[in-house]
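**Q** What follows is a predicted protein model with its sequence.
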Protein chains: 2
Amino acid sequence: MATQPIKPPQKLNAAQSAFGELSPALVRELETISLTNHYPTGAVLFSEGHPPRGIYLIQRGLVKLSVCASDGRTLILRIARDGEALGAASTVGSRDYEATAEAQQPCDITFIRQSDVLRMMRVHGEFALWITQLLSRDYNFTCREIRTLMLSGSATEKLARLLVGWLDERHVTHNPDRMKVPLTHEEIGQMIGTSRETVTRLMAGFRKQRFIETEGATLVVSNRVALENLITA
Amino acid sequence: MATQPIKPPQKLNAAQSAFGELSPALVRELETISLTNHYPTGAVLFSEGHPPRGIYLIQRGLVKLSVCASDGRTLILRIARDGEALGAASTVGSRDYEATAEAQQPCDITFIRQSDVLRMMRVHGEFALWITQLLSRDYNFTCREIRTLMLSGSATEKLARLLVGWLDERHVTHNPDRMKVPLTHEEIGQMIGTSRETVTRLMAGFRKQRFIETEGATLVVSNRVALENLITA
DNA sequence: GGCGTCCAGTGATTGAGATCACACATAACT
DNA sequence: AGTTATGTGTGATCTCAATCACTGGACGCC
């Protein structure tokens, strides 16, 4: 909402961060073909198996990327955050979206149509390189994900990995060992490929061993080292 | 081998297929900075965790992509074939290689140094787009892989998926249901995340149920439909 | 030939985690 | 208040696949 009418520069900054350190001329051109929108929690940007419409750049908020099994079970690939590009692989390769993207929080997202993406890439090597670097980040995250998921023997290890990973990401906040976890046990289970009950049990175990504490929706990791020792066991 | 001395166009074709449908001028420039080599079975192109040197384009042969757990266990991400680019994500994003690439057969591989890749991408949008499309293929394959691995409940289902997937790829050959499987049970286990013994037992089970037959190193799928019914169970 | 090494096959045992079946806590709506 | 959802906490049971511990076959090599 425009509750601060004296701040158009703010908006400009946001737009600039959308396109990183690209040259000003290119940024201006991109602004004419891109469209920034607000999405409420739960809004679906695109769905698994649908033909690609374009690329989505997250300006603000968290977006859940998931795939569905035929039996209804769900696997959450990862939670993407601001600065990431979604749907790049499908858009560039003209392949159906491989995952479903759903706003996990209220989000600001910039959209660029497929035809524009391809045209701009062909014309501006700089833009093409930029897109490719975003895609490469995405790719690397996904590979990490697989390693974490597949190469951890026990569910305990997977959960420990997930929690420690979260700490590393969010250490931006004030206290390094506190974090808000906006996910249900069900969703955590979908991230590490276990059942909801197992997550509950593991969390209870961690709490009993004084590795973590919960204060409402806030998770406090009181013994990070112990969690790290569970990894690679 | 040059057993057919009257066919230099053949060699030219090979070089062209290396760079797809790129414009002739661009292909010529790429040829001056690329280096095509032969690798024997078992040769390692690059290793997980090493800094990126450049991009590898498979001209001929199969390359195994795998990641290693700290405890020594191995997960085979996939077997890449001709026409695929390896190390693109790491090269473009300047991130360590996420996997180890090893020749599964004698291979012909074209290499382009990282600095050249980045320079060419910046200058030629066409080249950048081409690289990105290769990366996008890679990305999509990898996503499929995760789905297959994680969203299949039983090991039986995963193996069935793998076998059917192989049939779809290799239907290029004469008989649609026959294929040479150049992998040991151990390796198959590493592909679907199960132990060697389980693979042996499952194969035995399939054979007992007359879903498949083995003639030496050749696998004959005698009842493809039955295998497909195991999927999504 | 004999000898190592790699690979496939099979049984017996075991355990981690899925699944089912609940009770209980919030929060949210009206 | 009450009344649905939606999420959490736990016990009892059962199943699939890992693991251990072998045997036997195939190939190469000295």
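**A** Arrived safely, thanks for sending.
**Q** Which helix runs longest in chain A?
**A** Determined from DSSP state H, the single longest helix within chain A is helix A:125-150.
**Q** what about that helix and chain B, any contact?
**A** Yes - Helix A:125-150 is in contact with chain B by Cβ under 8 Å from any Cβ of the partner chain, via A:125-129, A:131-133, A:135-140, A:142-147, A:149-150. Every C-beta, even on glycine, is put in place using the N, C-alpha and C of the backbone.
**Q** Quick check on the residues you listed: which are buried?
**A** With neighbours counted by 16 or more other Cβ atoms under 10 Å in any protein chain shown, the residues of helix A:125-150 next to chain B contain buried members at A:125-129, A:131-133, A:135-140, A:142-143, A:145-147, A:149-150.
**Q** Show me what the most centrally placed residue in chain A bridges to in the sheet.
**A** Of all residues in chain A, the one closest to the mean position by Cα atoms, centre = their mean is residue A:80, 0.7 Å from it. Assessed by DSSP bridges, residue A:80 has beta-bridge partners residue A:63.
**Q** Tell me the gap between the longest helix of chain A and the middle of its chain.
**A** On the basis of Cα atoms, centre = their mean, to the nearest Å, helix A:125-150 sits 12 Å off its chain's mean C-alpha point.
**Q** check whether that helix contacts DNA strand D.
**A** No - applying Cβ under 7 Å from any atom of the strand, one finds helix A:125-150 separated from DNA strand D by no less than 10.9 Å.
**Q** wait, does that helix make contact with DNA strand C?
**A** No - between helix A:125-150 and DNA strand C, judged by Cβ under 7 Å from any atom of the strand, nothing touches; the nearest distance is 11.5 Å.
**Q** next helix or strand past that helix?
**A** Next along the chain after helix A:125-150, taking DSSP states H and E as the criterion, comes helix A:155-170.
**Q** From the contact counts, what lies against that following helix?
**A** If you count contacts as 3 or more Cβ pairs under 8 Å, 6 or more residues apart in numbering or on different chains; DSSP states H and E, helix A:155-170 packs onto helix A:125-150, strand A:178-180, helix A:185-192, helix A:196-208, strand A:218-221, helix A:224-230.
**Q** What residues sit buried inside stretch A:42-55?
**A** Going by 16+ other Cβ under 10 Å, stretch A:42-55 has these buried residues: A:43, A:45, A:46, A:48, A:52, A:53, A:54, A:55.
**Q** whoops, stretch A:56-74 was the one
**A** A:56-59, A:61-68, A:73-74.
**Q** go on, stretch A:216-228?
**A** A:219, A:221, A:224, A:227.
**Q** Let me have those residues in a markdown table, adding distance to residue A:166 as columns.
**A** Converted to a markdown table, these look like this (distance: Cβ to Cβ, whole Å):
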| residue | distance to residue A:166 |
| --- | --- |
| A:219 | 8 |
| A:221 | 9 |
| A:224 | 11 |
| A:227 | 11 |
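**Q** Can you name the element that comes right after the host helix or strand of residue A:91?
**A** Element membership for residue A:91, per DSSP H and E: helix A:88-93. Sequence order places strand A:100-103 as the next helix or strand after helix A:88-93, per DSSP H and E.
**Q** Name the strands paired with that next one and say parallel or antiparallel.
**A** Those paired with strand A:100-103 in the sheet (DSSP bridges) are strand A:44-46 (antiparallel), strand A:63-68 (antiparallel).
**Q** give me the low-pLDDT residue ranges for chain A?
**A** Applying pLDDT under 70 to chain A picks out residues A:1-17, A:170-174, A:233.
**Q** measure the closest residue to residue A:164 other than its chain neighbours to residue A:157 for me?
**A** Ranked by Cβ to Cβ, 6 or more residues apart in numbering or on different chains and with sequence neighbours excluded, the top spatial neighbour of residue A:164 is residue A:227, at 5.5 Å. Distance from residue A:227 to residue A:157, counting by Cβ to Cβ, to the nearest Å: 10 Å.
**Q** cool, and residue A:105?
**A** 28 Å.
**Q** And for residue A:41?
**A** Residue A:41 is 31 Å from residue A:157, by Cβ to Cβ.
**Q** ok, so of the buried residues of stretch A:216-228, who is nearest chain B?
**A** Within the buried residues of stretch A:216-228, the smallest distance to chain B is 15.7 Å, found for residue A:227 (Cβ to the nearest Cβ).
**Q** Wait, the closest one touches residue A:160, no?
**A** Yes - contact criterion Cβ atoms under 8 Å: residue A:227 and residue A:160 qualify, at 4.6 Å.
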